[in-house]
Structure formats: C-alpha cells, structure tokens
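>>> Take this sequence and fold it.
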Amino acid sequence: MWLTKLFEHTYEVSFGSFGILPRTLSGLWGILLAPFLHGDFEHLLSNSFPILLFGTLLFYFFRDSAFRVSVFLWLGTGFWVWLAARAAFHIGASGIVYGLAGFLVFSGILTKNRALASISLIIILFYGSMIWGVFPGENGISWESHLLGGFTGFLLALWYARKYSTPVHDRFIQKEIWEDDFSAPTISSSKIKSITYEYIETDSESDS
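Down below sits the predicted model:
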C-alpha cells in the first residue's frame, strides 16, 4: 500500500481507476487491486495501523488458518463490493480492516474463549466508533466496503467457530504437561515443564 502511494506521489499519477467498479468486467480487477490504492496519505494512514494491529492479532491467535482468513477477507469483501456497492470506483483497504475487526470480535463471542473475548472487548472499547462507518454518511466514503467487510468477517468467524472450538493459542495452553502427580502435597516450580505458545480513488464520489 505504501509503495503504491509513494509511486503515485513521486510520479504524480493516480491508479484510482484500477479500483472496484461494481458490476463491470473491468471492475473485477479491483477486487485484487483496490486494497493497495488510497486517495491520499491520510486515507492510507487511517488504514495502516488497524491492519497492522488486527493482522497481528489474527496471526497470533489463528496461526494455522490466518493466511486463509486473510485471503477470504480480501477476495470476499471485494466480491461483495463489486456485486452490491454504488457505481463508483471503490479503493482502499478499509473493507479489510472492518473484515479483520469483525472476524476477531465475533470469534471471541462465538467460540466463548476467554482470551479472544478479551480481545473482542478491547476492540469494541477502542474501535467501537467504527460501527458508524457502516452507515451512509460522508461523501466519498465507501460505507459499503465497511459494511460488507464486516459482514464477510462475521461469516468467516461463524465458519471457523464451527470448525474449531478453541483457537490455536488455547490449544497450546492445553498441552501444558506436569512431571509430577497432582496428588502430591506440593508441586515445585522446578517440576513444571516449560510451555511454548504457537500460535473505494475513487473518483470524487467514492473512497474507501
């Protein structure tokens, strides 16, 4: 994302026409390219930190499925935007941001896992205002990307909650092994084995 914006800035070009243009054949390319395109540096910055934060949480708690979830969020969000959004160029990675947030929040709720539930609560407390982004509002903002990204994240959380009762993080916690029997009167800390945890430029009418 940053390399693309730096190239546009350096050579004074714009790749906004490579975004998602709903229900057109040429707009299909935007499903792949739109997350790399941003209207300006402010737009880019507003997406960079959440992607870094939510992406880190995704790969920490769901290391075995994080790559697949990322790809499904990217392509799934783009497809829904291409299918259902306004006729305008939609660019930016905010759909993926909402997808990651949705996946993490709903995973914590659906899996009933304490660690993930804590992450869900933190995201809601610090990023709860994101909910207003899914409603039509400011011109040039692709609220459709936000809404459909969150929807995609919810669907993925629902799917993985059915496949895994706990995320990877907890499955490693459950592998804690004791060298001694619990019936012993005391257990010395030296007898506990160490544990390893694996784990829209749019035109002037739309932005993401």
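>>> Check the offset of stretch 126-141 from the chain's centre.
Relative to its chain's centre, stretch 126-141 lies at 16 Å (CA atoms, centre = their mean, to the nearest Å).
>>> So, low pLDDT: which residues of the protein?
Scanning the chain for pLDDT under 70 picks out 163-208.
>>> what are the ranges of the helices in it?
2-11, 29-33, 41-61, 66-84, 94-111, 114-127, 143-163, 168-173 (DSSP state H).
>>> Could you point out which of those sits nearest Arg23?
Evaluated over the helices of the chain, closeness to Arg23 peaks at helix 66-84, with 6.9 Å, by CB to CB. (C-beta placed from N, C-alpha, C; glycine too.)
>>> which of the residues in the closest one are buried?
Buried residues in helix 66-84, counted by 16 or more other CB atoms under 10 Å: Ala66, Val69, Ser70, Phe72, Leu73, Trp74, Gly76, Thr77, Gly78, Trp80, Val81, Trp82.
>>> Show me what that helix is packed up against.
For helix 66-84, the elements it packs on are helix 29-33, helix 41-61, helix 94-111, helix 143-163, judged by 3 or more CB pairs under 8 Å, 6 or more residues apart in numbering; DSSP states H and E.
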